[in-house]
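A.B. asks: Sequence plus the predicted model coming up.
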Amino acid sequence: MVRFNPKARLDQSRVRDAGSGGGGGMGGGLGGGGMRIPIPTGKGGIGGLIGVILVVVVTLLLGGNPLSGGGGTGGLGNVYSPSRLSDQQQGTDRYAGCKTGEDANNSQDCARVAIENSLTDYWGTELGGKFRPEKAMVTFTGSVDTGCGAASSAVGPFYCPTDETIYLDTTFFDDVLEGQLGGPDGSFVEFYVLAHEYGHHISNLLGYMGQVRSQQTGPQSDGVRLELQADCYAGMWAKHATTTEDASGEKLILDLTQDDINQAIEAAKSVGDDYIQKRSGGRVNEEAWTHGSSAQRQKWFMVGFREGTLEACDTFAAPKV
C-alpha cells in the first residue's frame with residue numbers, strides 16, 4: 001500500500017470539510033464529471049444520472065447555470081464559497097491534525113491531504129506556467145452548495161469548473177463503490193478517484209472542457225473522451241507519484257506498489273458504464289454511455305501510467321477511444 005514520508009509536511013490550505021448539509025435531493029453539481037452513483041429507474045434500471053453530466057457540462061461551458069431558477073439552493077447567489085468556510089457550511093476541524101506524512105500513514109483523512117499535495121506538486125511541475133491549483137478539495141456529508149448548484153451524496157465525487165473545486169462525500173467509497181458496485185477495498189481506490197477528479201481540473205486548465213460542445217452520449221462522444229482523459233491523467237500522476245515533494249523538498253510518497261495500481265484498475269472497472277448498467281439490472285446500451293466502458297477506463301488509466309505524457313492522454317485527438 002501507499003507509504004507516505006513521515007518527514008513530509010502537509011499543506012492543509014486547500015482541503016476543507018464542509019460538514020453536514022442535512023441530505024437533500026440529487027443536485028446538478030456535476031461540473032466536469034464525477035463518479036456518479038447508479039440510481040435504478042423504470043427504464044432498464046440504469047442510473048438516473050446517465051446523460052445528466054453532459055447536460056451540466058455543456059450548460060456551464062455555454063455560460064449558463066443549470067440550476068438557476070430551479071428552486072432549492074440552485075443559482076450562484078447561494079453558492080458555498082470554498083475560500084470562506086463561514087458561508088453556508090461553517091466547516092469542521094476534520095483536517096486540523098494533519099501535519100505530517102506520518103499522520104497520513106495513520107489516518108485516511110490525512111492521507112487525503114497528502115494526496116492533494118502530491119497531485120498539486122505533480123501538476124505544477126508538469127504544466128509549469130499553465131498551472132494553478134484547484135481552489136479547494138471539499139468533503140461533505142449529505143449535501144453541499146457549489147458553484148455548479150446544490151449537490152447531494154447521490155452524485156458521487158465530482159469537479160465543478162465554475163469554482164474549480166473537487167467535492168466528495170467520503171461515504172461513497174464504502175457505501176457505493178464497494179457496497180453497491182462491488183468494487184475493490186483499499187486506500188488507493190480513493191486516491192485514484194481523487195486523481196481522476198483532479199484530472200478534470202487539468203482538462204479545464206488546458207481547454208479540453210471547451211471541446212465538449214454537444215449533449216451526445218456514447219462510447220466515442222466528447223463527454224466520454226473527457227472522462228477518459230481524466231482517467232489518463234490519473235495514471236500519469238500515479239506513474240510519477242513517488243517523485244512529488246512538499247514545499248521544503250521532502251518526498252511526499254515513498255512507496256506505491258503494484259497492488260495500489262491493481263486497486264485503481266479494479267476501481268476503473270467498477271465505474272464503467274457497461275458494468276454499472278449490468279449491475280443495476282439493465283441491458284448494456286452503449287449509446288447511453290457518459291463515462292466510458294470498464295475496458296475503456298482501464299485502458300486509459302494504463303495509457304497514462306505507462307506513457308506518462310500529456311500527448312498520450314489527448315483523447316480528443318485519438319481516432320477511437
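C.D. replies: Happy to help now that I have it. Residues are numbered from 1 along each chain as shown.

A.B. asks: contacting residues for residue 243?
C.D. replies: Contacts of residue 243 were listed using C-beta atoms under 8 Å, 6 or more residues apart in numbering, and they are 122, 251. For every residue, glycine as well, the C-beta is placed using N, CA and C.

A.B. asks: Could you pull out the helices in the stretch 201-321 of the chain for me?
C.D. replies: Remark: helices of the stretch 201-321 of the chain, listed N- to C-terminal, are 222-240, 258-270, 273-279, 294-307; assignment by DSSP state H, counting those that start in this stretch.

A.B. asks: hey, least reliable of those helices by pLDDT?
C.D. replies: Comparing mean pLDDT across the helices of the stretch 201-321 of the chain, the lowest value falls on helix 273-279: a mean of 91.

A.B. asks: Give me the buried stretch members for that one, please.
C.D. replies: 273-277, 279 (16 or more other C-beta atoms under 10 Å).

A.B. asks: what's the answer for stretch 136-147, then?
C.D. replies: Using 16+ other C-beta under 10 Å as the test for burial, stretch 136-147 gives 136-141, 143-147.

A.B. asks: now, which of those residues lie within strands?
C.D. replies: 136-141, 143-146 (DSSP state E).

A.B. asks: what's the closest of these to residue 163?
C.D. replies: For those, the residue nearest residue 163 by C-beta to C-beta is residue 146; the value is 6.3 Å.

A.B. asks: isn't the closest one right next to residue 160, touching?
C.D. replies: Yes: the criterion here is C-beta atoms under 8 Å, and residue 146 meets it with residue 160 at 4.8 Å.

A.B. asks: Report pLDDT for the spatially closest residue to residue 130 that is not a sequence neighbour.
C.D. replies: Excluding the flanking residues, the one nearest residue 130 by C-beta to C-beta, 6 or more residues apart in numbering is residue 205, at 6.1 Å. What the model reports as pLDDT for residue 205 is 98.

A.B. asks: Ok, the one 4 residues further on next?
C.D. replies: The predicted structure scores residue 209 at 93 on the pLDDT scale.

A.B. asks: now do residue 172
C.D. replies: Spelled out, the predicted local distance difference test score at residue 172 is 81.

A.B. asks: Phi and psi next, for the closest residue to it other than its chain neighbours.
C.D. replies: Nearest non-adjacent residue to residue 172, counting by C-beta to C-beta, 6+ apart: residue 156, 5.4 Å away. Residue 156 adopts backbone torsions of phi 70, psi 180, taken as degrees, to the nearest 10.

A.B. asks: Next: the one 4 residues further on.
C.D. replies: As for residue 160, its main-chain torsions (degrees, to the nearest 10) stand at phi -110, psi 110.

A.B. asks: Pick out the residue closest to the middle of the protein.
C.D. replies: Closest residue to the average C-alpha location of the chain: residue 197 at 2.4 Å, with C-alpha atoms, centre = their mean.

A.B. asks: Assumed residue 150 was part of a strand.
C.D. replies: Yes: following the definition DSSP: H, G, I helix; E, B strand; the rest coil, residue 150 is counted among the residues of a strand.

A.B. asks: need the contact list for residue 167.
C.D. replies: Residue 167 makes contact with 29, 138-140, 144, 146, 151, 157-160 under the criterion C-beta under 8 Å, 6+ apart.
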